[in-house]
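[1] Structural data only, the sequence is not supplied:
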């Protein structure tokens, strides 16, 4: 039996959970206000502030964990799986040798603190910067730009393993399309457990509640050079201010669903337009596995809306059976992978 | 029926005489690039082009011509079909009430001038600016940007007619995905004869031998603001200097194939990546038809390449039957359109 501590720092919260094997004993979410966080220059500077909540949590649970797992950050591109948190990883994060400053980069830092406190191993699992793309998927028609992978690897891979378990098929033999619909939105081709291509709303994928996805290239160039937008303002269309929120004024799918149910035709039309781009992405990725798709899995917070998942099914069921795995199982996924590493079912990789 | 076809291109004007579906003769007036460069707009070339056409026509017996058909241009958004050239069309061309500048814009004027001189009707057929998008396809994730319907309409609709004939079904009752594979690539779903979506060969979708297609927009914004590139350079790099040209220094598919056969790995990767992207676009557009695809039709100059077709077919054959109509024959497509109207098989449309 293993006791596992999992730490998931989000942009405005820190989620902490304690597992006894795969059973979750306690989970707490500590919210942080914008004022509290605005005191810090860099996200990395928040580590002491966030650590206090972990101390509180540990006092309450009053147990010594066998291992700690932090949410893996936007590090350099890495293969997926379990990684040991080491000094080199911490240095890279502190020195900014990462692809972006992101709250999840606190995951390895906080995990390392816990590992020092209890003298236990620390891991990260399937970081956001998991990059297992096929070479062919990296090429664009513009050599200065290479397609990269930043995706909801942790949840996407965990849901893929869940599907494999439930259907009693080896994951190595499965081709799945996993659509993670949360604040972000990624459509992932998972081939033999590896994410071989991804369409991401923050780069070139579908429209999402708060991000624009792919847009008309000549028009975006004209806008970029028009002098009407600063780079920061224009980039916001992919980070919080594009997609549904730009048109409907809210990124809350719950609110949008309420508007649709009370007859708001505009809300319905634009949500359908979003779905239209999602199903096109699903159809596109199906060809990368020559149509041999075992299942399409819809996951993430947005899947709580049956209206949206039903609309997706209308189009996508012609490709493969569609399963809805609502919510996100990040904490469970971290614990599960750590246990597999402790049992030596998977290798914990050395970050270099 | 005897139909005179006039097709003004960038550096040439093609003229053919058809008796029903049979081409009697064809003449091409070639222009020197430097001569053409002196003109600032297609309209300025009208007199020159018209005089040269008239010279050619004098050398042929043109008794009993029933109609003249010209290549349609970048008009305002129009429904598909055969339009009689009328005064409001001419006015819009002369006053620049068009979607863009293109040599084909004067096709209608040339047809009318010649048609009037014989006292016969003049037509245009399926211009590039045919817009039969479903509303949901118009939405992008940035409100300022609307997805625009522009595609290789003439060849795409002709190919769909050929596909319907092959399947023994009525064109208006069939669903196809048509991929026009040329120096630009258009992939369109046709639902009951209507082009309901399109990647727009310069805005989204696969790269081509000389165009970049849909590159990651968000990353492109960084490049625009980097200060390293002029807008003009970027636009050139996207259309004309993109795709194969950017990577391999040629837009000639045969040269790329020769290099692949000689074992050049880079050529192979870029070639495969283009096909990978074409397949993805076809898969996305098939999903729009909810999987009800009677056939996938591949056309355009690149469809002559066995290497390309074999590779592509392998990726998309799960979607439905595939038919290949290599090349494109604009002259024949135009003649056939006019013939359908003259023989009462199709009603002409009025341009308003």
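    Yes, it's here. Remember, predicted model here, so these are calculated numbers, not experimental data.
[2] I'd like to check which residues are in contact with residue 298.
    Assuming you mean chain A. By Cβ atoms under 8 Å, 6 or more residues apart in numbering or on different chains, the residues touching residue A:298 are A:179, A:181, A:309, A:312, A:322, A:323, A:324, A:325. Glycine gets a C-beta too; all of them are placed from N, C-alpha and C.
[3] was after chain B, sorry
    Applying Cβ under 8 Å, 6+ apart, the residues near residue B:298 are B:179, B:181, B:309, B:312, B:322, B:323, B:324, B:325, B:326.
[4] Can you give me the distance of it to chain A?
    14 Å (Cβ to the nearest Cβ, to the nearest Å).
[5] Report the buried residues of the helix or strand containing that residue.
    Using DSSP states H and E, residue B:298 falls within strand B:295-300. Using 16 or more other Cβ atoms under 10 Å in any protein chain shown as the test for burial, strand B:295-300 gives B:295, B:296, B:297, B:298, B:299, B:300.
[6] and which of those is nearest to residue B:120?
    residue B:299 (30.5 Å; Cβ to Cβ).
[7] The strand or helix carrying residue A:333: what's the following helix or strand?
    According to DSSP H and E, residue A:333 maps onto helix A:330-342. For helix A:330-342, the following helix or strand on the C-terminal side (DSSP H and E) is strand A:348-350.
[8] List the neighbouring strands of that following strand plus their orientation.
    strand A:82-84 (parallel) (DSSP bridges).
[9] Which of the helices or strands spans residue A:299?
    In this assignment (DSSP H and E), residue A:299 forms part of strand A:295-300.
[10] for the stretch 101-250 of chain B, what spans make up the strands?
    Using DSSP state E, counting those that start in this stretch, the strands of the stretch 101-250 of chain B run over residues B:122-125, B:175-181, B:185-191, B:194-195.
[11] and residue A:231, which of those is closest to it?
    Using Cβ to Cβ, the nearest of these to residue A:231 is strand B:185-191, at 30.2 Å.
[12] Residue B:219 contacts residue A:145, correct?
    Yes. Assessed by Cβ atoms under 8 Å, residue B:219 is found in contact with residue A:145 at 5.0 Å.
[13] max-length helix in the chain?
    Going with chain A. helix A:265-288 (DSSP state H).
[14] ah, no, chain B please
    From DSSP H, the single longest helix across chain B is helix B:265-288.
[15] Distance from that helix to the middle of the chain?
    20 Å (Cα atoms, centre = their mean, to the nearest Å).
[16] And residue B:20, how far from residue A:126?
    Plainly put, residue B:20 is 65 Å away from residue A:126 if you go by Cβ to Cβ, to the nearest Å.
[17] Which of those two has more residues huddled nearby?
    Between residue B:20 and residue A:126, residue A:126 has the larger neighbour count (other Cβ atoms under 10 Å in any protein chain shown), namely 28 against 12.
[18] Let me see the contact set for the more buried one.
    Per Cβ under 8 Å, 6+ apart, neighbours of residue A:126: A:72, A:80, A:81, A:153, A:154, A:156, A:157, A:158, A:333, A:337.
[19] hey, where'd the helices end up in the chain?
    The chain I'm using is chain A. A:34-38, A:47-61, A:87-94, A:106-118, A:135-138, A:153-167, A:217-224, A:231-235, A:244-248, A:253-261, A:265-288, A:306-316, A:330-342.
[20] hmm, I had chain B in mind actually
    B:33-37, B:46-58, B:87-94, B:107-118, B:153-167, B:217-225, B:231-238, B:243-248, B:253-261, B:265-288, B:306-316, B:330-342.
[21] and the stretch 251-352 of chain B, which of its residues are near chain A?
    Neighbours of chain A within the stretch 251-352 of chain B, by Cβ under 8 Å from any Cβ of the partner chain: B:269-270, B:272-274, B:276-277, B:279-288, B:290-292, B:314-319.
[22] per-domain residue ranges of chain A.
    A:3-132+A:330-350, A:153-326 (automatic domain parsing).
[23] okay, these, which one's buried deepest?
    domain A:153-326 (a mean of 21; mean count of other Cβ atoms under 10 Å in any protein chain shown).
[24] Not counting its neighbours along the chain, what's nearest residue A:266?
    residue A:248 (7.2 Å; Cβ to Cβ, 6 or more residues apart in numbering or on different chains).
[25] In the stretch 101-250 of chain B, what residue comes closest to chain A?
    residue B:207 (2.4 Å; Cβ to the nearest Cβ).
[26] Nearest residue to that residue in space, ignoring adjacent ones along the chain?
    Nearest non-adjacent residue to residue B:207 (Cβ to Cβ, 6+ apart): residue A:141, at 2.4 Å.
[27] wait, isn't that neighbour in contact with residue B:210?
    No. Using Cβ under 8 Å, residue A:141 is not in contact with residue B:210, being 9.1 Å away.
[28] Overlap of the contact sets of those two?
    B:242, B:243.
[29] More neighbours: which of those two?
    For residue A:141 versus residue B:210, the count of surrounding residues by other Cβ under 10 Å is larger for residue A:141: 31 against 21.
[30] If you rank every helix and strand of chain A by mean pLDDT, what lands last?
    Least confident helix or strand of chain A, by mean pLDDT, DSSP states H and E, is helix A:34-38 with a mean of 89.
[31] Contacts made by that one with the rest, please.
    A:12, A:46, A:49.
[32] Identify, from these, the entry nearest to chain B.
    residue A:12 (22.7 Å).
[33] so who does the closest residue to that closest one other than its chain neighbours touch?
    Residue nearest to residue A:12 in three dimensions, not counting chain neighbours: residue A:32, with 5.6 Å by Cβ to Cβ, 6+ apart. Counting by Cβ under 8 Å, 6+ apart, residue A:32 touches A:12, A:13, A:14, A:49, A:50.
[34] Count residues in the vicinity of the nearest residue to residue B:320 once chain neighbours are set aside, would you?
    Distance criterion Cβ to Cβ, 6+ apart; nearest residue to residue B:320, sequence neighbours excluded, is residue B:293 at 4.1 Å. A count of nearby residues for residue B:293, using other Cβ under 10 Å, gives 23.
[35] still on that earlier bit, in terms of secondary structure, what does the helix holding residue A:333 contact?
    The helices and strands touching helix A:330-342, judged by 3 or more Cβ pairs under 8 Å, 6 or more residues apart in numbering or on different chains; DSSP states H and E, are strand A:3-9, strand A:13-20, strand A:23-31, strand A:67-71, strand A:82-84, strand A:122-125, helix A:153-167.
[36] Need the ones you listed in CSV (columns: mean pLDDT).
    CSV is the format used below for the helices and strands packed on helix A:330-342 (pLDDT from 0 to 100):
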stretch, mean pLDDT
strand A:3-9, 97
strand A:13-20, 97
strand A:23-31, 96
strand A:67-71, 97
strand A:82-84, 97
strand A:122-125, 98
helix A:153-167, 96
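[37] Take these and write them to CSV, including distance to residue A:101.
    Conversion of these to CSV gives the following (distance: least, Cβ to Cβ, whole Å):
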stretch, distance to residue A:101
strand A:3-9, 12
strand A:13-20, 17
strand A:23-31, 21
strand A:67-71, 15
strand A:82-84, 19
strand A:122-125, 17
helix A:153-167, 19
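[38] Report the contact partners of the closest residue to chain A within the stretch 251-352 of chain B.
    When scored by Cβ to the nearest Cβ, the stretch 251-352 of chain B has residue B:291 as its residue closest to chain A, at 2.3 Å. Shown in contact with residue B:291 (Cβ under 8 Å, 6+ apart): A:315, A:317, A:318, A:319, B:319.
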